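[1] sharing a model prediction with you, sequence too.
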Amino acid sequence: MKRQVDLLDISDGKLYESNDMVRADCFGCEGCSKCCTGMGESIVLDPFDVFNLTAGTGKTFEQLLESEIEMNVVDGITLPNICMKSGKCGFLKGGRCEAHQFRPGICRMFPLGRYYNEEGFKYFLQVHECPVNNKGKIKVKKWIGYPDINGYEAYIRCWHEFMIDLQDNLADLSEDNVRVLNLLVVKTFYQTPYGDEFFEKFYDRMKKIKEMLGL
């Protein structure tokens, strides 16, 4: 999701890499769940997020659509996002996250965000979003919590570049063809199960869909 803001207005003015220390540790949130409420459609899910949610909940993509997630248009592309029920995340129970072990990447990063450039992306610290004071310093990769942070970041760059390529080509498509394209993306990367191995199958699907679309 593109944000048309000045980085200096929302961050500490620094950019971080995965091995850098950043003052983002909320110490278990201490009963706070502010970032799990009032988020609208902003918790957009990439394919790895959905893979983890289906594995963690034991539900299919279609079953998650019945309650926990929904579909919306993001910069012209139809993508799933976490559904806010009565203004709060459907996984929030008793002030705690039931999906914490398999939570989406956006949730793992918070209060960090990603700043994309020609080389890929770096992280920035959002200074106005989290109400916890006196946050502790923690290494970015430890805060995000994926064992293979390099593999994860390479995947995120690949997915982001693919989204940009799709958006750049939307203007040349008819309304019907945009609908077909969106259905293809959802079926290829979200609906079709990955089994136990996500990344190998993801890159195989990415190669095939790029060849199909001439990207």
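    Arrived safely. Please read all numbers here as calculations on a predicted model, not as lab measurements. Numbers count the residues shown, from 1 in each chain.
[2] the helices in the chain, which residues?
    Ranges of helices within the chain are 7-10, 47-57, 61-65, 105-109, 140-144, 149-170, 175-186, 198-213, based on DSSP state H.
[3] and of those helices, who's closest to Cys32?
    Checking these against Cys32 by CB to CB gives helix 105-109 as the closest, at 13.7 Å. (C-beta placed from N, C-alpha, C; glycine too.)
[4] could I get the average pLDDT for the closest one?
    Mean pLDDT, computed over helix 105-109, is 96.
[5] what's in contact with it?
    With CB atoms under 8 Å, 6 or more residues apart in numbering as the contact definition, helix 105-109 has outside contacts at 35, 42-44, 46, 48-49, 97, 123, 143-146, 152, 156.
[6] if we go to 10 Å?
    Contacts with helix 105-109, where a contact means CB atoms under 10 Å, 6 or more residues apart in numbering, come from 1, 24, 35-36, 39, 42-46, 48-49, 52, 81-82, 89, 91, 97, 99-100, 112-114, 123, 126, 140, 143-146, 152, 155-156.
[7] mind checking which of those residues are buried?
    Those of those that meet the buried threshold are 24, 35-36, 39, 43-46, 48-49, 52, 81-82, 89, 91, 97, 99, 112-114, 123, 126, 140, 143-144, 146, 152, 155-156, by 16 or more other CB atoms under 10 Å.
[8] if we can go back for a sec, minimum distance to Ser18: which of the helices of the chain has it?
    Among the helices of the chain, helix 140-144 comes nearest to Ser18, with 4.1 Å by CB to CB.
[9] pLDDT score for Met1?
    55.
[10] could you do Val5 as well?
    68.
[11] and Cys29, by the same measure?
    Cys29 carries a pLDDT value of 84.
[12] distance of the closest residue in space to it that isn't next to it in sequence from Ile77?
    The shortest distance from Cys29 to any non-neighbouring residue, by CB to CB, 6 or more residues apart in numbering, is to Val132 (7.0 Å). Applying CB to CB, to the nearest Å, the value for Val132 to Ile77 is 33 Å.
[13] same deal with Ile164?
    Distance of Ile164 to Ile77, given as CB to CB: 10 Å.
[14] ditto for Phe121
    18 Å.
[15] do Gly31 as well
    Gly31 is 36 Å from Ile77, by CB to CB.
[16] who's more crowded, these two?
    Higher neighbour count among Gly31 and Ile77: Ile77, with 18 against 7, using other CB atoms under 10 Å.
[17] verify the stated contact: that one with Met163.
    Yes. Taking contacts as CB atoms under 10 Å, Ile77 lies within contact range of Met163: 6.3 Å.
[18] now for these two: what residues contact both?
    The contact sets of Ile77 and Met163 overlap at 44, 185 (CB under 10 Å, 6+ apart).
[19] Asp12 reaches Gln126, doesn't it?
    Yes. Using CB under 10 Å, Asp12 is in contact with Gln126, at 9.0 Å.
[20] next, the distance between the ends of stretch 93-111.
    In stretch 93-111, first residue to last residue: 21 Å (CA to CA, to the nearest Å).
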